[in-house]
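> Sequence below, structure please.
(chains A, B, C and D)
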There are 2 protein chains.
Amino acid sequence: MTLSTAEENYLKAIFKISERSEKSASTNAIAKQLNTSAASVTDMLKRLAEKKFINYEKYKGVTLTAEGSKKATQLIRKHRLWEVFLVKKLRFTWDQVHDIAEQLEHIQSNELIMRLDAYLDYPKFDPHGDPIPNSDGKFTIRNQTPLSEMHKGQTGSLVGVKEHHSDFLQYLSSLNIKLGTIISIKETMPFDRSMLVELDHKRENVITHQVAQNLLIKKM
Amino acid sequence: MTLSTAEENYLKAIFKISERSEKSASTNAIAKQLNTSAASVTDMLKRLAEKKFINYEKYKGVTLTAEGSKKATQLIRKHRLWEVFLVKKLRFTWDQVHDIAEQLEHIQSNELIMRLDAYLDYPKFDPHGDPIPNSDGKFTIRNQTPLSEMHKGQTGSLVGVKEHHSDFLQYLSSLNIKLGTIISIKETMPFDRSMLVELDHKRENVITHQVAQNLLIKKM
DNA sequence: ATATATTTTTAGACTAACCTAAAAATAATT
DNA sequence: AATTATTTTTAGGTTAGTCTAAAAATATAT
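Numbering: from 1, shown residues only, chains lettered A, B, ... in the order given. Modelled structure (predicted):
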């Protein structure tokens, strides 16, 4: 069954919300995620429930059915593969690709995605370090810790970012921080929880707690 | 100004009709091209006229304004560039790419098309031999003759096809006829206007008039 | 546990894009 | 030129997806 772009966006939103909060997604949370009104969400939830993509009971919030979850995962797969294409092949930077991938993910063709995946050499992670589900919907799992939870003396490499807004990504680029950058914690400041870090064993920088929370590190 | 997918499809349809008949496009012709009803077409024509993309007078047919023509040309550019990508990079065959490109052409991003064009090395023709307008909307012009208008003894190479249906393209592939194939006319049969041709100086085949009309040849 | 605040749903309306059936305009034919 | 056929437009309706405002349900706080 083929869904409209709007329906696909709802499934993705519900998936994302469930991912970060574990429990069922509320109408308001979905409305906020999609920048729309709660009334519109209720409307759409009825339709998606009718089509068996979500489990919906009035006033109880929603969860994805197996079918819905599969659809959402496929969308994430498409989105992230296109991001890899845009960065690796077309030389976009990581802060430029989100909006374009948001459109490309709705192109309908399994064959296209299969071939794109092969063309890109079956990447496991996208330009922001997010895992790309394989064609069966399996995500690669990786040990990672937010920099904010690490301690003085520890070292690791940047493997992902939690925040995807271009402002944030551009800020990292301006500090020459990218995926793979080695980060060592030199000092932690208790009062504002900022950190003094060394980057690639070369240069030192202060990182605010807010930023550190959004940097995912693989310890080494 | 950014148009809906439906609006874009109307502009492209009008462009194509104008291209093959020179005179203004009729409501019925557009309806046929888009596989929709005449009433729906009238509806949309009013909206497109309102937005200044077409010149429309009741009962008089339509032509594109400069603005509309530019939009249509950009769409054709996008469609054909994506076709090149699909064939050259993802190894699709020429009979598989139309429907996917039909979706991809509506992705909104000038930067994307600029980069795609560069990535593909600024191709001048698509996998069916159709010219790709450059970013200023200029088409490369080429001398070409339908095989059906050529005579016994003449030779040339296939540079394009008029018909794009996958059945037709697959039929050509089954005869090992592709862009670049050398075709020499050995005999013409007056009664049914079929031709006996030699392909790549190697193998002989009978080509019906119907097929010959759709093969565009550069004489040599 | 009752009152208040928040969340969610319903009611009713709007727009874009489509449809069929009927009416009006244009084109073709005798 | 008048009749017939064809094309185009209008009238009225439908669906998907959105909205605001009001009502109903649930959650929070005193």
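> Pull the contacting residues for the residue lying closest to residue A:120 once chain neighbours are set aside.
Spatial nearest neighbour of residue A:120, chain neighbours left out: residue A:84 (5.2 Å); criterion: C-beta to C-beta, 6 or more residues apart in numbering or on different chains. Where you see a C-beta, it was placed from the backbone N, CA and C, and this is true even at glycine. Counting by C-beta atoms under 8 Å, 6 or more residues apart in numbering or on different chains, residue A:84 touches A:120, A:123, A:126-127, A:132.
> and if you look at residue A:73?
A:15, A:133, A:137.
> in what helix or strand does the residue nearest to residue A:120 lie?
According to DSSP states H and E, residue A:84 maps onto helix A:66-84.
> Look up which helix or strand the residue of chain A positioned farthest from its centre falls in, please.
Most distant from the centre of chain A: residue A:191, at 30.5 Å, with distances by C-alpha atoms, centre = their mean. If you go by DSSP H and E, residue A:191 is not part of any helix or strand.
> residues from chain A in reach of DNA strand C?
Counting by C-beta under 7 Å from any atom of the strand, chain A comes close to DNA strand C at A:26-29, A:38-39, A:41-43, A:45-46, A:56, A:58-61.
> Tell me which of the residues you listed fall in strands.
In this view, these that belong to strands under DSSP state E are residue A:56.
> Now go through the residues of chain A next to DNA strand C and say which are in helices.
Residues of those located in helices (DSSP state H): A:27-29, A:38-39, A:41-43, A:45-46.
> can you pick the most crowded of the residues you listed?
Most neighbours among those, by other C-beta atoms under 10 Å in any protein chain shown: residue A:41, with 24 neighbours.
> Surely that residue touches residue A:25?
No. In this structure, residue A:41 is not within contact of residue A:25 by C-beta atoms under 8 Å, at 9.7 Å.
> Distance of the closest residue in space to residue A:106 that isn't next to it in sequence relative to residue A:103?
Closest residue to residue A:106 apart from its sequence neighbours, by C-beta to C-beta, 6+ apart: residue A:5 at 4.9 Å. Counting by C-beta to C-beta, to the nearest Å, the gap from residue A:5 to residue A:103 is 9 Å.
> How about residue A:18?
Counting by C-beta to C-beta - residue A:18 and residue A:103 are separated by 24 Å.
> now swap in residue A:21 and tell me
Note on residue A:21: its distance to residue A:103, by C-beta to C-beta, is 27 Å.
> So if I had to pick from these two, which one is more boxed in?
Set side by side, residue A:21 and residue A:103 show more neighbours around residue A:103, with 17 against 11, by other C-beta under 10 Å.
> For the more buried one, list the residues it contacts.
Per C-beta under 8 Å, 6+ apart, neighbours of residue A:103: B:107-109.
> Buried ones among the residues you listed?
Among those, those buried by neighbour count (16 or more other C-beta atoms under 10 Å in any protein chain shown) are B:107, B:109.
> between the contacts of residue A:103, which is nearest residue B:213?
residue B:107 (34.0 Å; C-beta to C-beta).
> List the residues that contact the spatially most central residue of chain A.
What sits nearest the mean C-alpha location of chain A, by C-alpha atoms, centre = their mean, is residue A:130, with 5.5 Å. Counting by C-beta under 8 Å, 6+ apart, residue A:130 makes contact with A:80, A:160.
> Return the per-residue confidence for it.
Per-residue pLDDT puts residue A:130 at 98.
> which one of the contacts of residue A:73 sits closest to residue A:198?
Distance to residue A:198 across the contacts of residue A:73 (C-beta to C-beta) is lowest for residue A:133, with 34.6 Å.
> Might you report the residue contacts of that closest one?
Neighbouring residues of residue A:133 by C-beta under 8 Å, 6+ apart: A:73-74, A:76-77, A:139.
> Now name the helix or strand holding it.
With DSSP H and E as the test, residue A:133 turns up in no helix or strand.
> quick one: pLDDT of it?
If you check residue A:133, the pLDDT there is 98.
> separation between it and chain B?
Here residue A:133 is placed at a distance of 20 Å from chain B (C-beta to the nearest C-beta, to the nearest Å).
> Also residue A:114?
When C-beta to the nearest C-beta is the yardstick, residue A:114 and chain B sit 9 Å from each other.
> Quick check, that residue in contact with residue A:134.
No. Using C-beta under 8 Å, residue A:114 is not in contact with residue A:134, being 11.2 Å away.
> which residues in chain A form helices?
Using DSSP H, helices in chain A cover A:5-21, A:27-34, A:38-50, A:66-84, A:98-104, A:110-119, A:166-174, A:209-212.
> Check those helices for me and report the most buried one.
Comparing the helices of chain A by mean neighbour count (mean count of other C-beta atoms under 10 Å in any protein chain shown), helix A:66-84 ranks first with a mean of 21.
> List the residues that contact residue A:75.
A:8, A:11-12, A:105-106.
> need those residues in JSON lines with distance to residue B:158, can you?
Output for those, formatted as JSON lines (distance: C-beta to C-beta, whole Å):
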{"residue": "A:8", "distance to residue B:158": "41"}
{"residue": "A:11", "distance to residue B:158": "46"}
{"residue": "A:12", "distance to residue B:158": "45"}
{"residue": "A:105", "distance to residue B:158": "37"}
{"residue": "A:106", "distance to residue B:158": "36"}
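> Is it possible to get a markdown table of these that adds distance to residue A:202 and pLDDT?
Shown next, in a markdown table, are those (distance: C-beta to C-beta, whole Å; pLDDT from 0 to 100):
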| residue | distance to residue A:202 | pLDDT |
| --- | --- | --- |
| A:8 | 44 | 98 |
| A:11 | 44 | 98 |
| A:12 | 39 | 98 |
| A:105 | 38 | 98 |
| A:106 | 42 | 98 |
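> Return the member of these nearest to chain B.
Of all the contacts of residue A:75, chain B sits closest to residue A:106, with 8.1 Å by C-beta to the nearest C-beta.
> so that closest one makes contact with residue A:8?
Yes. In terms of C-beta under 8 Å, residue A:106 counts as a neighbour of residue A:8; the distance is 6.0 Å.
> picking that back up, filter the contacts of residue A:103 down to the ones close to chain A.
B:107-109 (C-beta under 8 Å from any C-beta of the partner chain).
> quick one: contacts for the nearest residue to residue A:163 once chain neighbours are set aside?
Excluding the flanking residues, the one nearest residue A:163 by C-beta to C-beta, 6+ apart is residue A:214, at 4.2 Å. Applying C-beta under 8 Å, 6+ apart, we find residue A:214 in contact with A:146, A:161-163, A:168.
> now with 10 Å?
The contact partners of residue A:214, taken as C-beta atoms under 10 Å, 6 or more residues apart in numbering or on different chains, are A:146-148, A:160-165, A:168, A:172.
> give me the low-pLDDT residue ranges for chain A?
By pLDDT under 70, chain A has no low-scoring segment.
> Close to chain B: what parts of it are there?
By C-beta under 10 Å from any C-beta of the partner chain, the part of chain A that sits against chain B consists of A:5, A:82, A:85-86, A:89-92, A:96-97, A:99-100, A:103-104, A:106-109, A:111-112, A:114-116, A:118-119.
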